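1. Just need the structure, nothing else, for what follows:
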Amino acid sequence: MANNSITPDQNIKLLPAPNAVEAPNITWEKPKPIEQALLPVMKFDPLWLPSEIRDWVVDIAERKDNAPVEFAAIAVICALATVIGNRLVIAPKAFDDWVVIPNLWGAAIGRPSIKKTPVMQEAISFLMELERVAGEEHEKAMQEYEEKKIKSDLLLDAAKGEFKKAGHDIQKRKDAELHLNDAMNEIPEVPIRSRYTTSDSTVEKLAVLMSENPMGILQVRDELFGLLAQLAKADKTEYRPFYLE
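-> Numbering: from 1, shown residues only. So this is what the prediction gives:
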């Protein structure tokens, strides 16, 4: 058997493969930094706003040390949309019952100390006034409810006692049932407070507020990062689909 192995001291000459092409001598340029600059954004023009709110929005921005007008515009538009709620809807098709409720998302993005928070608070201050009035009205309604509830409980207890005393007497039982039904109809409903804003509600609490205020409610977050971080948590998986819907 022939030994075809090559010993270390043998000279080896590699022949080029047929039709081989020599690699070109490439000179690489110095790497350039990757630019991540934001695209240019048009300067906000107050003329884009409806004339009814234009002066108000500009005034808010000017009184907050000439803060960007768009900060005030964003907050005002979202706050007004909250008051309008679902009273107005978009009907894309004239002969269809398909309607869309325009839920608005607004975010003011800027450097620290550029007056984002003061502008937002001023722009939605009228919602805070509505909240205060609604709170006072709810407090009065609760007082009236408590008074009616006491009377209703007395009537209901008396009707129940009458029903027990009726025994097997058919006529007395019928009369007692009528009185019992009347007493149950007198049970007052618990007043529901009208809400316009909420800040840091859980999904469960927000769902309750939305059911109690079907026209809509505005969620106000001073720091948007807090909401985004909450949506990214593994134990808050139900938050993302809730907000997307």
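2. Please count neighbours and contacts with C-alpha atoms only from this point.
-> Will do.
3. Could you pull up the residues touching Arg173?
-> 163, 166-167 (Cα atoms under 8 Å, 6 or more residues apart in numbering).
4. do that again at 10 Å, thanks
-> By Cα atoms under 10 Å, 6 or more residues apart in numbering, Arg173 lies in contact with 162-167, 179.
5. so it is in which element?
-> Element membership for Arg173, per DSSP states H and E: helix 170-185.
6. same question for that helix, mean pLDDT?
-> Averaging the model's pLDDT scores along helix 170-185 yields 85.
7. Let me know the next secondary structure element after that helix.
-> Counting by DSSP H and E, what follows helix 170-185 is strand 197-198.
8. Give the pairing partners of that following strand; include direction for each.
-> When pairs are called by DSSP bridges, strand 197-198 turns out to pair with strand 218-219 (parallel).
9. rewinding a little: please state the offset of the helix holding Arg173 from the chain centre?
-> Put simply, helix 170-185 sits 48 Å off its chain's centre (Cα atoms, centre = their mean, to the nearest Å).
10. and what of stretch 55-73?
-> 24 Å.
11. Span of that stretch from start to end?
-> 11 Å (Cα to Cα, to the nearest Å).
12. Repeat that for stretch 33-42.
-> Across stretch 33-42, first to last residue, Cα to Cα, it's 26 Å.
13. likewise stretch 96-110?
-> 42 Å.
14. Buried residues of that stretch, list them for me.
-> By 16 or more other Cα atoms under 10 Å, the buried positions in stretch 96-110 come out as Ala108.
15. pLDDT averaged over that stretch - what is it?
-> 90.
16. and for that stretch, what are the contacting residues?
-> Residues contacting stretch 96-110 (Cα under 10 Å, 6+ apart): 68, 70-79, 81-82, 85-93, 116-117, 119-120, 216-224.
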